[in-house]
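1. next one to model:
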Amino acid sequence: MKPVALKSKVPGVAQADIRDFNGRQVVWLEVTADDHRGALSSDASSMISTAARAAVDARLPLIAVMASSGADLREGFSALHSWGLAAKALTDCSGIVPTIIIVDGPAVSGPALLLGIADHVIMTEQAYAFVSGPSMVTEFTGVPIDNAELGGASAHEKYTGAATAVATDREAAVAFAENLIAYFPNHLDEEPPLWDTDDDNNRLTPEAGDVIPSTSTGSYDVRSVIRSLADDGDFLELKPRWAANLVTCFATFGGRPVGIVANQPVALAGTLDIPASQKGARFVSFCDAFNIPIITLVDTPGFYPGKDLEWRGMIRHGAQLVFAYGRATVPRICIILRKSYGGAYIVMDSKKMGNDLCLAWPWAELAVMGAGQAAAILQRRATPEEKAAFEADYTERLLNPYVAAERGYVDGVIEPANTRSAICAALDALVDKREAFRGKKHDNTPL
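-> Now for the predicted structure:
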C-alpha cells in the first residue's frame, strides 16, 4: 500500500500518513529535529492532533517517531495552546487504539509528557526526555547535570520506567515496534491476531518444574519457566530493567497472543514494591483494553517491607495492581508456581479477585505468611526446639495447595509437565468470554 498523506501541504516538522507497517495498516506520525531541533509550531502540533484523530476515526494503531525540543518559542502562546490540543487528541486514543512512540532525539517539556500518555515508548540510545532541562535543574539545585544523566534512554529504561524498550538506533526501534504490534489488535473491538505455530498445545513441559529449587528460599529465573511454556519458547519482554522483580511480557499459546505477569525470584526475592506494582498495573490495564488474555505466574513471599516504601505510598501504588486485576474482563489464568503469601496472594490475581482459572503446582505454598514468619509472631517466647516443631507442623498442615483447593481457592493442583496443555485448553474454553459493563462514567483508578 502506498502511504496516504494527511494534510500533506501543511509546513513544519511534523508529517503524518496512513501506511502499511509489517502487513498492518497504521497511522504513522513523524516529528523531526531537522528544523530548530523539532520545535513544535501550532501547525506541527495540529498535525499531531490530526494523526491522533485519524487513528481513532479509522480504528488504526498510531505510531509516532518523535524528536522535539518542545513548543516553538518563536510563535509564543499559540504553539503552547496547540500542543495542548495534541495532548488531548492523544489522550482520546487511549483504550481505543494502541499508541507507540519511538523517541529518536530530544523529547523535552510538553512532548516528554506525551510519552507518559502513550501505551508504549521505544527510545534509541541517543534519545533523551525530560520535563525540565539540565540548565533549570542546575539553577534550582546547584548540581550540574547533563542530558544523558537527567533523562537519557538508560535512565528511563532503569529508573523511571518510561521506556518500554531501548534500541541501538532508529532501525532497531522500528523493528521492535513491528514485533510489539504483532501481539495486539488494531483497536478495542478486535481480537488479537492469531500467530502461525507448529508447537503442540499438549506438549509436556516437565522442564518448567525442574527450574524450581528444592528449597523454598532458592532463587531461579522465572523467564526459564515462561520460555518452556510459551509457543516455540518465544516471548517479548517489556521494561526488563525497570522493576526487575516483576516480569511483564507478551507470548503466544496455541497461536493466541497473551500477556504474562510473573514474579521474578532472582530480583528482591520476587517481592512486590512500588515500581513492580506500577509496572504490573499498567501492563494488565493495556492487555484488558485490547482483549489480550492475561496469564499470571505467582511466586512471591509478599510485599517488600520498609519505612521508606510505606512513606512513598505503598498502599496507593500496591492498590493500582489489585485494582487493574479487579476490573479486568479478559480471560485470566493464574498459576501458582511456589510461594503465594499474604496480601501479595490477593494482588497477584487470586481466585477471589475474579480469575477464570487458578492452578497450583504440587509444592505451592499458600498462606498468610511463611512458617518462619509465623513462628516469629506466634512462638516468640518459645524455645528454639519448640519453634522448630511449630514450623514443621505449620508447613505440613497449611503450606500446601490442597488445603486451598478444598476450600475453592484453587481450581486444581497440576504437575508442571501439564501446565502448557492446561493453559491452552483454558484459552480455548474462554475464547468467547464476554462480560457486561455496568453503566458508569469511568472508574477512579488509584494513582
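2. is Arg338 in a helix, a strand, or coil?
-> strand (DSSP: H, G, I helix; E, B strand; the rest coil).
3. swap that for Asp432, sorry
-> coil.
4. with the one 5 residues further on instead?
-> Per three-state DSSP, the local secondary structure of Phe437 is coil.
5. any idea how far Gln126 is from it?
-> 44 Å (CB to CB, to the nearest Å). (Each C-beta comes from the backbone N, C-alpha and C, glycine too.)
6. in terms of neighbours, single out the busier of the two.
-> Gln126 (17 against 7; other CB atoms under 10 Å).
7. now the more buried one, what's its secondary structure?
-> Gln126 ends up coil, using three-state DSSP.
8. wait, it touches Val103, no?
-> No. With contact defined as CB atoms under 8 Å, Gln126 does not count as touching Val103 (9.6 Å).
9. touching both of those two, which residues are there?
-> Ala153 (CB atoms under 8 Å, 6 or more residues apart in numbering).
10. would you map the strands across the stretch 151-300 of the chain?
-> 165-167, 235-238, 246-253, 256-263, 294-300 (DSSP state E, counting those that start in this stretch).
11. for the ones you listed, which one sits closest to Ala364?
-> strand 294-300 (8.3 Å; CB to CB).
12. distance from the closest one to the middle of the chain?
-> 13 Å (CA atoms, centre = their mean, to the nearest Å).
13. please apply the same query to stretch 433-447.
-> Distance of stretch 433-447 from the chain centroid (CA atoms, centre = their mean) equals 20 Å.
14. and that stretch, which residues are buried?
-> Pro446 (16 or more other CB atoms under 10 Å).
15. distance between the ends of it?
-> One end of stretch 433-447 sits 29 Å from the other (CA to CA, to the nearest Å).
16. which residues does it contact?
-> So stretch 433-447 is contacted by Arg316, His317, Ala319, Gln320, Phe323, Arg327, Thr329, Val330, Pro331, Asp356 (CB under 8 Å, 6+ apart).
17. how about 6 Å then?
-> The contact list for stretch 433-447 (CB atoms under 6 Å, 6 or more residues apart in numbering) reads Arg316, Ala319, Gln320, Phe323, Thr329, Pro331.
18. and the helices in the stretch 51-200 of the chain, which stretches?
-> Applying DSSP state H, counting those that start in this stretch to the stretch 51-200 of the chain gives helices spanning 77-93, 110-117, 134-141, 147-151, 153-155, 170-181.
19. redo those helices as TSV? Include mean pLDDT and mean neighbour count.
-> Output for these, formatted as TSV (pLDDT from 0 to 100; neighbours: other CB atoms under 10 Å):
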stretch	mean pLDDT	mean neighbour count
helix 77-93	79	18
helix 110-117	89	20
helix 134-141	88	12
helix 147-151	92	18
helix 153-155	96	19
helix 170-181	97	17
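20. show me which of the contacts of stretch 433-447 are buried.
-> Applying 16+ other CB under 10 Å to the contacts of stretch 433-447 flags Ala319, Gln320, Phe323, Pro331 as buried.
21. ok, and the closest non-adjacent residue to Asp234?
-> Spatial nearest neighbour of Asp234, excluding adjacent residues (CB to CB, 6 or more residues apart in numbering): Ala251 at 6.7 Å.
22. quick check, the one you found in contact with Phe235.
-> Yes. Using CB atoms under 6 Å, Ala251 is in contact with Phe235, at 3.9 Å.
23. what is the least confident helix or strand in this protein?
-> Lowest on mean pLDDT, DSSP states H and E among the helices and strands of the chain sits helix 371-378, with a mean of 58.
24. between the buried ones among the contacts of stretch 433-447, which is closest to Thr91?
-> Gln320 (18.8 Å).
25. which pLDDT value belongs to that closest one?
-> Predicted confidence (pLDDT) for Gln320: 95.
26. quick one: it from Val284, how far?
-> Distance, Gln320 to Val284, using CB to CB: 9 Å.
27. and Gly326, by the same measure?
-> For Gly326, the distance to Val284 equals 10 Å [CB to CB].
28. next one: Arg170
-> 30 Å.
29. so where is this structure shaky, pLDDT-wise?
-> 1, 9-11, 35-41, 70-81, 368-382, 384-399 (pLDDT under 70).
30. quick one, domains of it?
-> For the chain, automatic domain parsing gives the domain ranges 4-181, 206-364+400-429.
31. need the ones you listed in CSV (columns: distance to Asp198).
-> What follows is the domains of the chain, written out as CSV (distance: least, CB to CB, whole Å):
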stretch, distance to Asp198
domain 4-181, 19
domain 206-364+400-429, 8
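32. those domains: which one's closest to Glu191?
-> Using CB to CB, the domains of the chain put domain 206-364+400-429 closest to Glu191, at 5.5 Å.
33. just give me how far the closest one sits from the chain centre.
-> The answer for domain 206-364+400-429 is 12 Å, by CA atoms, centre = their mean.
34. nearest to Glu415, of the contacts of stretch 433-447?
-> For those, the nearest to Glu415 is Pro331 (22.4 Å; CB to CB).
35. how close does that closest one sit to Phe176?
-> 26 Å.
36. also Thr138?
-> Thr138 sits 33 Å away from Phe176, taking CB to CB as the criterion.
37. first to last residue in stretch 199-218, what's the distance?
-> Counting by CA to CA, you get 31 Å between the two ends of stretch 199-218.
38. quick thing: my sequence starts at 38, can you match it?
-> From this message on, residue numbering opens at 38, which makes the last subject stretch 236-255.
39. what residues sit buried inside that stretch?
-> Neighbour-count burial for stretch 236-255, with 16+ other CB under 10 Å as criterion, is recorded at Asp236, Asn238, Thr242, Ala245, Gly246, Val248, Ile249, Ser253.
40. quick check: phi and psi on the third one?
-> If I follow you right, that is Thr242. In terms of degrees, to the nearest 10, the main-chain angles of Thr242 are phi -130, psi 60.
41. tell me the one of the buried ones among the contacts of stretch 470-484 nearest Glu194?
-> When the buried ones among the contacts of stretch 470-484 are compared against Glu194 (criterion: CB to CB), the nearest one is Gln357, at 20.9 Å.
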